[in-house]
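Colleague: Sharing a model that was predicted from the sequence below.
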Amino acid sequence: MSADGLGPDDGVLVADGLTKRFGGLTAVDDLSFAVEEGEILGFIGPNGAGKSTTFNCITGRYPPTEGRVYYRGEEVTGAESYDMVKAGLARTFQEFRPFSDRTVLRNIQTALVPDELFSTSGLRGETRQQAIELCERVGLGDDLYRTPSELPHAGMLRLELGRAMATDPDLILVDEPFAGLAEAEVKQLSALLEELRGAGTTLVVVDHNMRGLLSLIDRAVVINFGAKIAEGTPEEIRADPEVQEAYLGGE
Ligand SMILES: Nc1ncnc2c1ncn2[C@@H]1O[C@H](COP(=O)(O)OP(=O)(O)OP(=O)(O)O)[C@@H](O)[C@H]1O
């Protein structure tokens with residue numbers, strides 16, 4: 001346990017003293033936070049604050065230099081991405097690339113059964129129905145037979161969310177969902193995220209921009225230069241002098 005004293009049972013996902021150095025650069029600096037089951041947590045920080053690095057350490061892209069990560073009471077520090085997905089933790093990527101030659105439905109079906117070897121006859125019918133339901137859940141029910149390139153940007157985000165949902169996660173890390181969206185689309189996507197939470201999924205929404213985010217989240221952790229500078233409700237975050245300082249001139 002670090003000075004902050006977070007342990008395996010402090011939340012569904014817990015980072016304790018997480019540190020990541022790239023040579024002389026400390027991208028994540030003794031960061032501790034816990035995600036509570038069923039909440040929508042905002043994970044906010046200006047560009048380069050260390051948000052992606054934090055989540056890359058948690059989701060197995062690379063091991064942290066120091067610190068521990070716990071998921072559902074188990075230590076998972078340095079676990080492989082595949083194992084984290086199996087344990088129930090999914091993430092969306094900002095720079096995702098769906099299969100461009102497959103329909104929306106096939107993309108989701110492929111995510112349900114990643115190994116095409118198992119995607120034969122009987123299974124295919126079953127996953128097809130599951131995939132249709134998933135598409136409907138993420139608001140792509142009318143786009144089943146379109147290809148990703150035929151979707152508007154907001155539709156692509158829904159597809160990426162559907163792909164993450166296909167692994168039946170308990171918790172999804174959502175990476176910058178509102179980037180490039182118009183106001184109305186931000187509202188629609190927020191409503192979808194709230195729906196997912198209502199159905200039992202815990203969400204961590206990562207963003208550098210607070211636009212649209214503070215009305216969605218229950219709580220936020222704000223980082224700058226890899227370290228936590230504030231944590232609290234949207235009202236507390238808005239009023240925090242250090243947060244205002246970090247964002248001065250930034251937005
Ligand atoms: N693989 C890497 N090798 C070296 N430095 C890296 C690497 N990945 C990130 N960094 C550095 O670590 C710091 C934190 O970057 P990170 O991408 O985690 O920030 P971020 O908060 O996600 O930023 P953004 O909002 O722009 O995505 C930056 O200074 C970045 O240049």
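Modeller: All right, it came through fine.

Colleague: Pro8 is in contact with Ala34, correct?
Modeller: No: counting by Cβ atoms under 8 Å, Ala34 stays clear of Pro8, with 10.0 Å between them. Every residue, glycine included, has its C-beta placed from N, CA and C.

Colleague: list the residues that contact both of these two?
Modeller: Counting by Cβ atoms under 8 Å, 6 or more residues apart in numbering, the shared contacts of Ala34 and Pro8 are Val14.

Colleague: and the stretch 1-150 of the chain, which residues reach the ligand?
Modeller: Counting by Cβ under 6 Å from any ligand atom, the residues of the stretch 1-150 of the chain close to the ligand are 22, 25, 27, 45, 47-53.

Colleague: mind putting those residues in TSV, secondary structure and distance to Glu231 included?
Modeller: Below are these laid out as TSV (DSSP: H, G, I helix; E, B strand; the rest coil; distance: Cβ to Cβ, whole Å):
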residue	secondary structure	distance to Glu231
Phe22	strand	25
Leu25	strand	24
Ala27	strand	19
Gly45	coil	12
Asn47	coil	20
Gly48	coil	20
Ala49	coil	14
Gly50	coil	15
Lys51	helix	14
Ser52	helix	19
Thr53	helix	19
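
Colleague: which of those residues has the most neighbours?
Modeller: Gly45 (26 neighbours; other Cβ atoms under 10 Å).

Colleague: any idea how far the residue nearest to it when sequence neighbours are not counted is from Phe96?
Modeller: Spatially, and ignoring its direct neighbours in sequence, Gly45 is nearest to Ile223 (4.1 Å; Cβ to Cβ, 6 or more residues apart in numbering). Remark: distance between Ile223 and Phe96 (Cβ to Cβ, to the nearest Å) = 23 Å.

Colleague: cool, Thr127 as well?
Modeller: 20 Å.

Colleague: which other helices and strands contact the helix or strand harbouring Val221?
Modeller: If you go by DSSP states H and E, Val221 is part of strand 219-224. Other helices and strands packing on strand 219-224, by 3 or more Cβ pairs under 8 Å, 6 or more residues apart in numbering; DSSP states H and E, are strand 40-44, strand 227-232, helix 234-239, helix 241-247.

Colleague: Which of these has the highest mean neighbour count?
Modeller: strand 40-44 (a mean of 24; mean count of other Cβ atoms under 10 Å).

Colleague: how about the CA coordinates for it, as CSV?
Modeller: The C-alpha trace of strand 40-44 is given here as CSV (Å, rounded to 0.1, in the frame of the first residue of the first chain):
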residue,chain,number,x,y,z
ILE,A,40,-19.4,6.9,-13.9
LEU,A,41,-16.0,8.2,-13.0
GLY,A,42,-14.4,11.0,-15.1
PHE,A,43,-10.6,10.6,-15.5
ILE,A,44,-9.6,14.1,-16.6
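
Colleague: How far off centre is that strand?
Modeller: Its chain's C-alpha centre and that of strand 40-44 lie 9 Å apart, by Cα atoms, centre = their mean, to the nearest Å.

Colleague: just stretch 34-53 next, same as before
Modeller: Averaging C-alpha positions (Cα atoms, centre = their mean) puts stretch 34-53 9 Å from its chain's average.

Colleague: Next, the distance between the ends of it.
Modeller: One end of stretch 34-53 sits 17 Å from the other (Cα to Cα, to the nearest Å).

Colleague: Check which helix or strand Leu140 maps to.
Modeller: Per DSSP H and E, there is no helix or strand for Leu140.

Colleague: by contact count, what packs against the strand or helix carrying Phe55?
Modeller: For Phe55, the host element (DSSP H and E) is helix 51-58. Helix 51-58 makes packing contacts with strand 13-22, strand 25-35, strand 40-44, strand 171-175, strand 202-207 when contacts are defined by 3+ Cβ pairs under 8 Å, 6+ apart.

Colleague: Just the CA trace of the first one, in PDB.
Modeller: Right, the one you point to is strand 13-22. What follows is strand 13-22, C-alpha atoms only, in PDB (Å, rounded to 0.1, in the frame of the first residue of the first chain):
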ATOM      1  CA  LEU A  13     -10.600  -1.100  -9.900                       C
ATOM      2  CA  VAL A  14      -7.800   0.300  -7.700                       C
ATOM      3  CA  ALA A  15      -4.500   1.900  -8.600                       C
ATOM      4  CA  ASP A  16      -2.100   2.200  -5.700                       C
ATOM      5  CA  GLY A  17       1.000   4.300  -6.100                       C
ATOM      6  CA  LEU A  18       1.100   3.700  -9.900                       C
ATOM      7  CA  THR A  19       4.200   5.100 -11.500                       C
ATOM      8  CA  LYS A  20       5.400   4.800 -15.100                       C
ATOM      9  CA  ARG A  21       8.700   6.200 -16.300                       C
ATOM     10  CA  PHE A  22       9.900   6.400 -19.800                       C
END
